[in-house]
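Undergrad: only geometry, no sequence info:
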């Protein structure tokens, strides 16, 4: 029996649009997000008030009230400010002295050659396409002051219409306008494709396609003296991953969460929802609606915004900061296009399709009109593997089971408050001791009223010695207060790890021990605060930002992305890089950082490199082949950069392939088997050992597995490595001969004489023994 066949449809449906969301559901989702926003803000109102008070202490703002009496001392102390700025400077130096900030490590060996291109691309996107140094400053600011930073990393594609104007001679009387216009267009845009104007426009409006494939609208206008050509085209403002550093109050989430990621069995402390809020203008909303980005509102909804007013209910912190700065309160913007509204971007868990399982969703909502602007699944906008929200975060001092960390201001606040009490008490005590109150006899001729004596005033009384009495106020509290202040200062230094050494000063009582050349070098190298764990936590957050940038690049990077390498390049190297497609950077990578306490300071980095130069550029290192001209060149280049100079001005690469990647003999054979004809790499194990491995391979049976068309390339490469091995042996022999004659020059230009072995010193090999063949000095039997 034949199998049944499905009935053939009479017509095939070729289109299928997504079902539009009902208006009632859009309103329900908007109210859901707004309720989350209100409830979470109410839950953290006390926390926000305390953070505002800490910020005021950092800015050295004092309250208007003075106690215990009007005009009493109300001093602002700079301890928190100096410690915060010092720590921020240390972190900033650590980031800027290590470029790229994070380096990629390929999970699979086949992706290893992509690492350099990925690192250069990230460095360009961070520091050129956006103000990366300013972004790093904002991250450090939130990290140190608030105890936690939050970075939001979306992909932004922004275009703007620009208009240009050019002037020409008036239209000749003997020439038709349309012909004259076409001549001017071909003259100004010679390589562009010109579309003929419509017949009903008489040639006054044109459309062309420029060399980049973009349309340009051209219109002509006349004045009494000239002809105007006006061009309109859409230009790319930004197209790439953008890092937004969100302040603490701009990130809203339920109490008790551990992080902002999706809650799951592997992340039980995740946040069920996270809301980011900002203040876009009416014009920005209109542009995004017109471009189709906000696809759940229409033109009528945008026009209705002009009748709305901004909600300032949750702007108390910003309002207080504005007032303390001495500025007027935030007022309603009169220009409708400039008016701002509260936009909520909510990352939520919501059962969208009614199957009982919540999906990861993103909602864009306007608070004031309760409008749902856009709704998308998380993986549709951020196709990360595994799925995750586009947030990166790091805490200054972590607190278990809490997302919020302890910031440096909060850490120092109790001691600063204690110190302020002592300072105000000491100032008030001194004021009373210098201008004490007094007692007088009511019948002495002084009117019984409030009296303030001024310097030089004469007061007529009957008996000055007995009618006025100034009490003897002891000033003994001054010494007590000064000793207590010194004790508090020591506590602060131990707390924030910033003392005299970190500020470049000789500690008290250590002058005789440190006022030497070595001691001063130690002070200079220790001139940075060195909280190792704090530094590592910050860079772990930064590497998470870089990882998310890489994920976005793999999905959205446009073809033929051209950028320039920011770091130093060799004179024969092209500083420009081209990413033909996202496939060139695809793969699984782990991102790591090289910053530590030894390179967070320029002085410490210079001292480290000087030590390496003394060890690596030595006779034994050169004789053993450990240090080569290429590695020494790299070391000198790094040292030149550490002292703030351009190494290319003073150094010349020892060979055309210096600074190139290194491959083992096995890896080189694989590259040649793939058809490589240009051997743009260096032998990783040294030319001599690399050459011996190639000879072993050529003499073995596995060489027959290679395609016949790559055998000439293998012979050419073998010849090249053989010459390099011969040069390596010659250099080793010269270095050995120089060591026998006198070695390197010592102080004063005198050669060091070799020290003969002592009578009890054992020889390296005995009679009849062999040295290992991989040593350059090995030549058979020992003498």
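TA: Looks like it arrived, so ask away. The structure presented is a predicted model; accordingly, all values stated were derived computationally and were not measured.

Undergrad: Now do the domain split for this structure, please.
TA: Listed by automatic domain parsing, the domain ranges of the chain are 157-238, 261-330+337-388, 408-492.

Undergrad: Now render those domains as CSV, adding mean pLDDT.
TA: As requested, the domains of the chain are arranged in CSV below (pLDDT from 0 to 100):
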stretch, mean pLDDT
domain 157-238, 88
domain 261-330+337-388, 86
domain 408-492, 77
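
Undergrad: between the ones you listed, which one is nearest to residue 541?
TA: domain 261-330+337-388 (13.3 Å; C-beta to C-beta). All C-beta spots, glycine's among them, are computed from the backbone N, C-alpha and C.

Undergrad: Of the domains of the chain, which stretch is the most buried?
TA: Mean neighbour counts were compared across the domains of the chain using mean count of other C-beta atoms under 10 Å; the top stretch is domain 261-330+337-388, at a mean of 15.

Undergrad: need the domains of the chain in CSV with distance to residue 578, can you?
TA: Supplementary listing: the domains of the chain in CSV, determined by distance: least, C-beta to C-beta, whole Å:
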stretch, distance to residue 578
domain 157-238, 15
domain 261-330+337-388, 24
domain 408-492, 44
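
Undergrad: excluding its backbone neighbours, what's nearest the residue most central in space within the chain?
TA: Of all residues in the chain, the one closest to the mean position by C-alpha atoms, centre = their mean is residue 136, 4.2 Å from it. The shortest distance from residue 136 to any non-neighbouring residue, by C-beta to C-beta, 6 or more residues apart in numbering, is to residue 95 (5.2 Å).

Undergrad: Give the other helices and strands that the helix or strand hosting the one you found contacts.
TA: Counting by DSSP states H and E, the element that carries residue 95 is helix 79-96. Helix 79-96 makes packing contacts with helix 45-58, helix 132-145, helix 408-434, helix 477-496, helix 532-556 when contacts are defined by 3 or more C-beta pairs under 8 Å, 6 or more residues apart in numbering; DSSP states H and E.

Undergrad: could you check the angle helix 79-96 makes with the fourth one?
TA: This points to helix 477-496. Calculated by axes from the mean of the first three to the mean of the last three C-alpha atoms, to 10 degrees, helix 477-496 forms an angle of 20 degrees with helix 79-96.

Undergrad: Now do helix 477-496 and helix 408-434, the angle between them.
TA: 170 degrees.

Undergrad: again with the second one
TA: Interaxial angle of helix 132-145 relative to helix 408-434 (the same axes, to 10 degrees): 70 degrees.

Undergrad: Is residue 95 in contact with residue 101, as I believe?
TA: Yes. Here residue 95 lies in contact with residue 101, judged by C-beta atoms under 8 Å, at a distance of 5.8 Å.

Undergrad: shared neighbours of those two, anything?
TA: 136, 539, 542 (C-beta atoms under 8 Å, 6 or more residues apart in numbering).

Undergrad: from these, which has minimum pLDDT?
TA: Of all those, residue 539 carries the smallest pLDDT score, 91.

Undergrad: which residue sits closest to that one, ignoring its sequence neighbours?
TA: residue 593 (4.3 Å).

Undergrad: same deal with residue 210?
TA: Using C-beta to C-beta, 6+ apart and skipping the chain neighbours, the partner closest in space to residue 210 is residue 192 (4.9 Å).

Undergrad: got the contact list for the one you found?
TA: Counting by C-beta under 8 Å, 6+ apart, residue 192 has contacts 185, 208, 209, 210, 211, 216.

Undergrad: For the fifth one, list the residues it contacts.
TA: What it means is residue 211. For residue 211, the set of contacting residues under the criterion of C-beta under 8 Å, 6+ apart consists of 191, 192.

Undergrad: go on, the second one?
TA: Residue 208 makes contact with 185, 189, 192, 193, 194, 195, 215, 216, 218 under the criterion C-beta under 8 Å, 6+ apart.

Undergrad: and the gap between the last one and residue 336?
TA: In this structure, residue 218 and residue 336 are separated by 32 Å, where distance is defined by C-beta to C-beta, to the nearest Å.

Undergrad: so residue 31 touches residue 371, yeah?
TA: No. With contact taken as C-beta under 8 Å, residue 31 and residue 371 are classed as non-touching, separated by 11.1 Å.

Undergrad: Sticking with residue 374, tell me its helix or strand.
TA: Of the helices and strands defined by DSSP H and E, residue 374 is found in strand 371-377.

Undergrad: If you count contacts, what does that strand end up packed against?
TA: With contacts taken as 3+ C-beta pairs under 8 Å, 6+ apart, strand 371-377 sits against helix 23-43, helix 282-290, strand 359-366.

Undergrad: Switch the ones you listed over to JSON lines; also include distance to residue 49.
TA: JSON lines is the format used below for the helices and strands packed on strand 371-377 (distance: least, C-beta to C-beta, whole Å):
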{"stretch": "helix 23-43", "distance to residue 49": "12"}
{"stretch": "helix 282-290", "distance to residue 49": "31"}
{"stretch": "strand 359-366", "distance to residue 49": "26"}
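
Undergrad: Okay, now the unreliable bits of the stretch 51-200 of the chain?
TA: 65-66, 198-200 (pLDDT under 70).

Undergrad: now the helices for it?
TA: 79-96, 115-127, 132-145, 177-188 (DSSP state H, counting those that start in this stretch).

Undergrad: So for residue 609, which of those helices sits nearest?
TA: Counting by C-beta to C-beta, residue 609 lies closest to helix 79-96 out of the helices of the stretch 51-200 of the chain; the figure is 15.9 Å.

Undergrad: Just the buried positions in that closest one, please.
TA: When burial is assessed from 16 or more other C-beta atoms under 10 Å, helix 79-96 yields the following buried residues: 79-81, 83-84, 86-88, 90-95.

Undergrad: what's the offset of that helix from the middle of its chain?
TA: Remark: helix 79-96 is offset 15 Å from the chain centroid, using C-alpha atoms, centre = their mean, to the nearest Å.

Undergrad: before we move on, what about stretch 335-354?
TA: 27 Å.

Undergrad: Next, count neighbours for residue 32.
TA: Applying the criterion other C-beta atoms under 10 Å, we find 17 residues in the vicinity of residue 32.

Undergrad: hang on, the earlier thing: want to throw the helices and strands packed on helix 79-96 into TSV with distance to residue 237?
TA: Conversion of those to TSV gives the following (distance: least, C-beta to C-beta, whole Å):
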stretch	distance to residue 237
helix 45-58	33
helix 132-145	17
helix 408-434	37
helix 477-496	42
helix 532-556	16
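
Undergrad: So for residue 224, which of these sits nearest?
TA: The closest of these to residue 224 is helix 132-145. By C-beta to C-beta, the value is 48.6 Å.

Undergrad: thought residue 643 was touching residue 606?
TA: Yes. Contact criterion C-beta under 8 Å: residue 643 and residue 606 qualify, at 5.9 Å.

Undergrad: With neighbour numbers in mind, choose between these two.
TA: The residue with more neighbours, out of residue 643 and residue 606, is residue 606; 17 against 11, by other C-beta under 10 Å.

Undergrad: longest helix of the chain?
TA: Longest among the helix segments of the chain by residue count, using DSSP state H, is helix 711-741.

Undergrad: Any buried residues in that helix, and which?
TA: Those would be 713, 714, 717, 721, 722, 724, 725, 728, 731, 732, 735, 739, for helix 711-741 by 16+ other C-beta under 10 Å.

Undergrad: Could you pull up the contacting residues of the residue nearest to residue 44 when sequence neighbours are not counted?
TA: In this structure, residue 44 finds its nearest non-sequential neighbour in residue 255, 7.0 Å apart by C-beta to C-beta, 6+ apart. If you count contacts by C-beta under 8 Å, 6+ apart, residue 255 has them with 40, 43, 44.

Undergrad: closest one to residue 663 among the domains of the chain?
TA: Shortest separation from residue 663 across these is recorded for domain 261-330+337-388, at 30.0 Å, computed as C-beta to C-beta.

Undergrad: Endpoint to endpoint, that closest one covers what distance?
TA: With C-alpha to C-alpha, to the nearest Å as the measure, the ends of domain 261-330+337-388 fall 6 Å from one another.
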